[in-house]
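Student: need a structure here:
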Amino acid sequence: MQQIKELIITNTALFSIYHCITLGDSYESISKIKNVLSHPSEIHIDSVPNIIYSLDGGDTIHQTKIQYRIKNSNYKSLAPDKRFAMNIKAFPNNHCYWNKCTFCGINSKYTNKQNKTWDIESLILRLKTIQNSGVENVWFIDEAIPVDILCRCANEIINNNLHIKWHVRTRIEKEFADMGVVDLLWKAGLRHILFGFESASTRILSMVNKFNGNFNYLETAEKIVSSFSNKNVLVHFSSIVGFPTEIKSEMLETIDFLKYMIKTYKNFSYNINTFYLDIGSKMYRRWETFGIESLSYPCSPKYFLENSLDWNCMVAPGKYELIRNEQEKAMAYQYSWYPKGALISPSVFFSFWEHSRFALINHKRNKKKKSKFDIYSQIVLAPFVSFSCVSKDSWMLYNLKNHNYITGGDVLNDIAKANNKNVRFCEIINKYEYDREQVIDLLSQLSRMEFFA
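Tutor: Below you'll find the model as predicted:
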């Protein structure tokens, strides 16, 4: 709502229907609105923070003061399931520290215009509470945290003897290629790191003001991936195709680089988004300087309330379908097992996967845990488990419910063939007598990941 606040304030048509709009999910604001409605003669609506309202059908529209407060979470009440990761904002008062990308409007949703002090002490206190509540995996949802702050956090995590595995988002900086930095972050529990890569085209990167140009972007990006991947930290690049004036060769430059990276580094992944014009971005405010010929409003601009807007560009007009096709092909490229004719596209699958946070969970190693299945029971796969051949001697079991998957050789093939055929687990184990412990470990892992009914 913060991104379209200025559009709401002038939208008389909206307030001819609605009386009040809340700016964000504020429980306190909603609670106070209910109180006003219950006691209209005693409490005025002006006392409610974080709202835009009109009491005369849109003739006059008012905004109350902005007042956001960080809630103190009782982590113990969450009864956390250790299979999942907890989402927290490490620095609630901060936004993206770079804040220069012309295409991005994410920082416009924050009321504070400048990043406040990086409160590491407060973060450590929260992480202690989280760890004491039994949570083992934390997904930091901050827009981007700079490398020096991450190193300070890592030192404090180590000094306070915290043992949480965590994910973080940041941007390509040459300091991340330093093995000293990589070693420190890994030691502090970093197991998954996402970089806003965006593009492999130098012209596009310059146009969107993605980096400061004092280092070789692609060379540094690859060095970062190599360093983290060798340390067994998962590295993810988020990228965009379809920028205004971007031609096909520039789009393929990005796609080809990502394909090269995933073939070269085992702990690398990527996603590709299609560009959309964010109304909170610098590109929207100065659209004509970025090669955009015109904007396409679905209604009068006065009543427009979306976060993004259609646009036209004479340099590369009518290329939406081409861009979408290239995007989906490139996304499917990294999922060699992805079934043809699947009901959901690879891009949608990635959204599910990211939302479920399984990247952290699957990266854990639980080889010493005891088996949770009865070796004398029959093999019955859960109904939402699919089986497919990945290559000549490799197969995959994929869990459509929690998006876990396991690849392997003959053992997986035997499990799939034995499904619902009165075959017991012990028969599979006895078949591989010389690899008995490894087979038991695999079956136990499949059980923990809910592959069996």
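
Student: can I have stretch 288-300 written out in PDB, keeping just the CAs?
Tutor: Extracted C-alpha coordinates of stretch 288-300, given in PDB (Å, rounded to 0.1, in the frame of the first residue of the first chain):
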ATOM      1  CA  GLU A 288      10.700   8.400 -21.400                       C
ATOM      2  CA  THR A 289      14.500   8.400 -20.600                       C
ATOM      3  CA  PHE A 290      14.600   4.600 -20.600                       C
ATOM      4  CA  GLY A 291      13.400   4.000 -24.100                       C
ATOM      5  CA  ILE A 292       9.700   3.600 -23.100                       C
ATOM      6  CA  GLU A 293       7.500   5.200 -25.800                       C
ATOM      7  CA  SER A 294       4.200   5.200 -23.900                       C
ATOM      8  CA  LEU A 295       2.400   3.900 -20.800                       C
ATOM      9  CA  SER A 296      -0.800   1.800 -21.000                       C
ATOM     10  CA  TYR A 297      -3.200   2.700 -18.200                       C
ATOM     11  CA  PRO A 298      -6.300   0.400 -18.000                       C
ATOM     12  CA  CYS A 299      -8.300   3.400 -16.600                       C
ATOM     13  CA  SER A 300      -7.900   7.000 -15.900                       C
END
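
Student: Name the residues that touch that stretch?
Tutor: Residues from elsewhere that reach stretch 288-300 (Cβ atoms under 8 Å, 6 or more residues apart in numbering): 102, 207, 244-245, 277, 283, 287, 304, 306, 309-315. All C-beta spots, glycine's among them, are computed from the backbone N, C-alpha and C.

Student: Most neighbours among the residues you listed, which one?
Tutor: Met283 (25 neighbours; other Cβ atoms under 10 Å).

Student: Out of the contacts of stretch 288-300, which comes closest to Lys266?
Tutor: Nearest to Lys266 among these is Met207, at 32.9 Å by Cβ to Cβ.

Student: if I pick that closest one, what's in contact with it?
Tutor: 102, 243, 245, 290.

Student: So which of those residues is the closest to Asn271?
Tutor: Phe243 (16.2 Å).

Student: give me the element the closest one is part of.
Tutor: Using DSSP states H and E, Phe243 falls within no helix or strand.

Student: Distance of the nearest residue to it once chain neighbours are set aside relative to Phe197?
Tutor: For Phe243, ignoring the flanking residues on the chain, the nearest one in space by Cβ to Cβ, 6 or more residues apart in numbering is Phe275 at 5.0 Å. Here Phe275 is placed at a distance of 14 Å from Phe197 (Cβ to Cβ, to the nearest Å).

Student: cool, Cys101 as well?
Tutor: For Cys101, the distance to Phe197 (Cβ to Cβ) stands at 12 Å.
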